[in-house]
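[1] Give me coordinates for this.
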Amino acid sequence: MLLTQIPRSAGKGKPIFAANPPEAMHLLRPGYAVVGWRQPDLRNGKEDNTNQWEDLRVELDGLAATFAQIRSELQHPAFDFNINYRQGFSIPLPHLGSFNALSQALLSSILLKLHDGKLPEAITDLRSELDLIRVLEKEPLLISQIIRVRQMEFASRATWEALQASGWSDDQLAQLQQRWQSLQFIGPFSAAIILERAMMVSEVAQWRESDSQFQKMQGTWGPGGSTSTSSDPWEAMARGGRELILGLETAIWRNFWSYYDERRFLTIVQAGIDGTRPPARSRSLMAEQDRMRSTLTRLGLSPESGREDPFMFAGHSITMHQFLSNAGINCVQCLTRAFRAETEREIVVAAIALKRHQLKFGRLPDTVGDLTPELLAEMPTDFMDGQPLRYIPNRDGSFLLYSVGLDGKDDGGSQGGAERPLSPKATWLSGRDWIWPQPATSDAIEGYNREIGEGIQKRFLSGQRKSKRK
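    Numbers count the residues shown, from 1 in each chain. Next up is the predicted model:
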């Protein structure tokens with residue numbers, strides 16, 4: 001299947017879309033981003049060179065046949081990668097390695113088409129970007145669902161870039177909105193957690209029944225044994241005593257404590273699964289976290305870390321006792337990714353609906369509720385706290401659209417102010433409030449480009465000086 005292959009440059013070396021891609025939705029400060037396809041060239045703060053749009057155009061033209069076949073394959077109603085789930089945590093997953101590269105390649109193609117003013121071709125690639133998220137939707141593995149969330153981040157940036165262009169028809173935007181609305185995350189994550197639970201139950205059974213499987217597990221998760229080769233009789237006696245204790249712990253855990261630990265793992269995971277079952281619009285991350293804190297407290301675990309003061313020995317049994325508790329908690333914490341993805345989708349859908357409202361009425365709506373029922377069937381939900389997304393129209397024709405973020409507290413979108421992101425890797429989902437960005441001002445973009453250019457020149461001259469010294 002072509003989807004499992006990473007697109008390569010038509011020439012030699014690492015392709016531009018991987019080494020120096022056009023930046024998409026790059027934040028200058030929270031709430032304000034650079035429109036990537038409007039940039040004069042391809043540059044960023046990570047690479048020591050600048051590419052031209054023409055360089056990317058030549059490269060992607062050489063991959064035209066590959067992209068055409070990928071778009072064709074994405075029209076399949078379902079996808080099956082022939083995974084044998086009975087292999088448990090040893091399942092080989094070679095097909096997962098290509099998805100990020102495919103998403104980045106499509107994102108670069110979308111920005112190039114927008115830069116060239118080819119809106120029909122840009123929307124075609126954007127639909128493919130969204131279709132790519134659907135490929136792993138039915139694959140009930142946590143890693144597959146985590147990859148889907150990463151793919152959606154590419155798609156949300158691509159959509160933001162597309163919405164900054166003029167010339168869209170309402171029909172084009174309506175189809176794009178429908179594709180976004182069709183994406184699901186909580187249900188697929190729930191199915192993945194259920195399979196993860198089944199695989200862990202099978203794994204624990206093997207640890208009880210097979211010495212080799214248990215020893216393999218000990219080598220991965222247990223404390224390392226002594227490697228001393230000293231001939232000192234007292235040290236040898238101490239080493240023998242430690243081995244005797246570890247052997248005793250092993251026997252006790254496999255025959256007795258493993259059932260208690262397994263039951264506790266199942267209780268933790270079931271609490272997370274239960275949180276995915278209420279009607280979609282009545283869910284919120286804050287409510288689920290409160291419920292999970294209650295479950296963890298009842299099990300004697302710290303709601304913050306999942307750790308405890310275990311009433312056990314100090315070797316392998318503690319390791320497995322804590323490992324199974326953490327495994328359950330990690331499964332449930334993956335639901336945070338699901339709620340986050342559902343919220344991100346709602347924000348993007350609302351942003352598209354706002355663009356459609358502007359096209360139809362020549363202005364922004366006064367409230368987000370004005371988008372229903374004509375442009376949205378339901379109020380866009382913030383799955384962080386279960387309330388409608390926050391929206392404020394501005395007099396200058398811009399708007400503030402945001403979620404309260406992971407802390408569940410409404411900071412009024414205040415991070416749209418003057419403070420810069422804390423990290424160069426910061427995204428619009430990095431702040432306390434998750435703000436759908438507005439385009440940065442031309443002065444701010446000019447200053448950013450000057451700063452990036454100076455940095456590239458400085459690193460280039462430094463490299464030349466080092467070469468001369470050699």
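[2] I'd like to know the phi and psi angles of the nearest residue to M320 once chain neighbours are set aside, please.
    Excluding the flanking residues, the one nearest M320 by C-beta to C-beta, 6 or more residues apart in numbering is W253, at 5.7 Å. Where C-beta positions appear, they are placed from N, C-alpha and C, glycine not excepted. When read as degrees, to the nearest 10, the backbone of W253 gives phi -70, psi -50.
[3] roughly how far apart are W253 and Y260?
    Distance, W253 to Y260, by C-beta to C-beta, to the nearest Å: 10 Å.
[4] What of G412?
    47 Å.
[5] hmm, back to that, my read: the residue nearest to M320 touches F323, true?
    No: the pair W253 / F323 is not scored as a contact, 10.9 Å apart, by C-beta atoms under 8 Å.
[6] related to what we said a few turns ago, between W253 and Y260, which one's more packed in?
    W253 (25 against 12; other C-beta atoms under 10 Å).
[7] which SS state does Y391 fall under?
    Under DSSP: H, G, I helix; E, B strand; the rest coil, the three-state class of Y391 is strand.
[8] Could you pull up the residues touching the closest residue to it other than its chain neighbours?
    With sequence-adjacent residues excluded and distances taken as C-beta to C-beta, 6+ apart, Y391 is closest to V368, at 4.1 Å. By C-beta atoms under 8 Å, 6 or more residues apart in numbering, V368 lies in contact with 350, 379-380, 388-389, 391, 401.
[9] Distance of V368 relative to S182?
    21 Å.
[10] How far off centre is stretch 113-125?
    26 Å (C-alpha atoms, centre = their mean, to the nearest Å).
[11] go on, stretch 399-407?
    With C-alpha atoms, centre = their mean, you get 18 Å for stretch 399-407.
[12] again, but for stretch 75-87
    Centre-to-centre, stretch 75-87 and its host chain are 21 Å apart (C-alpha atoms, centre = their mean).
[13] residue ranges with poor pLDDT in the stretch 151-300 of the chain?
    Applying pLDDT under 70 to the stretch 151-300 of the chain picks out residues 217-243, 245-246, 278-281.
[14] Tell me where it has helices.
    170-181, 186-209, 211-221, 233-252, 258-274, 285-298 (DSSP state H, counting those that start in this stretch).
[15] any chance of those helices in TSV, plus distance to Y32?
    Output for the helices of the stretch 151-300 of the chain, formatted as TSV (distance: least, C-beta to C-beta, whole Å):
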stretch	distance to Y32
helix 170-181	23
helix 186-209	31
helix 211-221	46
helix 233-252	57
helix 258-274	36
helix 285-298	26
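[16] Which of those sits closest to H76?
    Closest to H76 of the helices of the stretch 151-300 of the chain is helix 170-181 (C-beta to C-beta; 15.8 Å).
[17] And for that closest one, what's in contact with it?
    Counting by C-beta under 8 Å, 6+ apart, residues outside helix 170-181 touching it are 119, 123, 126-127, 130-131, 159, 162, 345, 348-349, 352-353, 355-356, 359-360.
[18] Just the residues you listed: which are in helices?
    If you go by DSSP state H, these have 119, 123, 126-127, 130-131, 159, 162, 345, 348-349, 352-353, 355-356, 359-360 in helices.
[19] So how do I select the buried members of the residues you listed in ChimeraX?
    Selection of buried members from the ones in helices among the contacts of helix 170-181 for ChimeraX, criterion 16 or more other C-beta atoms under 10 Å:
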select :119,123,126,127,130,131,159,162,345,348,349,352,353,355,356
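[20] which stretch of helix or strand covers the closest residue to I146 other than its chain neighbours?
    Of all residues not flanking I146 in the chain, R337 sits nearest, at 6.3 Å (C-beta to C-beta, 6+ apart). Using DSSP states H and E, R337 sits in helix 316-361.
[21] partners of the helix or strand following that helix, with directions?
    Where DSSP H and E defines the elements, the next helix or strand beyond helix 316-361 is strand 381-382. Take DSSP bridges as the rule and strand 381-382 pairs in its sheet with strand 387-388 (antiparallel).
[22] ok, residues contacting the partner strand?
    284, 368-369, 379-382, 404.
[23] Please apply the same query to stretch 206-219.
    By C-beta under 8 Å, 6+ apart, stretch 206-219 touches 203, 250, 254-255, 258, 316, 320.
[24] C-alpha coordinates for that stretch, CSV please?
    Listed next in CSV are the C-alpha coordinates belonging to stretch 206-219 (Å, rounded to 0.1, in the frame of the first residue of the first chain):
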residue,chain,number,x,y,z
GLN,A,206,1.9,-15.1,30.6
TRP,A,207,4.0,-13.6,33.4
ARG,A,208,2.3,-16.0,35.8
GLU,A,209,2.6,-19.1,33.6
SER,A,210,5.9,-18.7,31.9
ASP,A,211,9.3,-18.3,33.6
SER,A,212,10.9,-17.0,30.4
GLN,A,213,8.1,-14.4,29.9
PHE,A,214,8.4,-13.2,33.5
GLN,A,215,12.2,-13.0,33.3
LYS,A,216,11.9,-11.0,30.0
MET,A,217,9.5,-8.7,31.8
GLN,A,218,11.9,-8.3,34.7
GLY,A,219,14.7,-7.4,32.4
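[25] how long is stretch 425-437 from one end to the other?
    End-to-end distance of stretch 425-437: 16 Å, with C-alpha to C-alpha, to the nearest Å as the criterion.
[26] Quick check: mean pLDDT of it?
    Stretch 425-437 shows a mean pLDDT of 89.
[27] who's in contact with it?
    By C-beta under 8 Å, 6+ apart, stretch 425-437 touches 25, 27, 30-33, 153, 160, 340, 343-344, 347-348, 350-351, 390, 400-405, 407, 409-416, 421-423.
[28] how much distance is there from stretch 164-180 to the middle of the chain?
    Taking mean C-alpha positions (C-alpha atoms, centre = their mean), stretch 164-180 and its chain are 24 Å apart.
[29] Show me what counts as buried in that stretch.
    Result for stretch 164-180 [16+ other C-beta under 10 Å]: buried residues 164-165, 168, 172-173, 176-177, 179-180.
[30] Report the buried residues of stretch 253-269.
    In stretch 253-269, counting by 16+ other C-beta under 10 Å, buried: 253-254, 257-258, 261-262, 264-265, 268-269.
[31] go on, stretch 75-85?
    F79.
[32] same check, this time on stretch 16-26
    16-18, 20-26.
[33] Filter the residues you listed down to the ones in helices?
    Per DSSP H, the buried residues of stretch 16-26 map to helices at 16-18.
[34] Just to check, Y32 is in contact with Q438?
    Yes: assessed by C-beta under 8 Å, Y32 is found in contact with Q438 at 5.8 Å.
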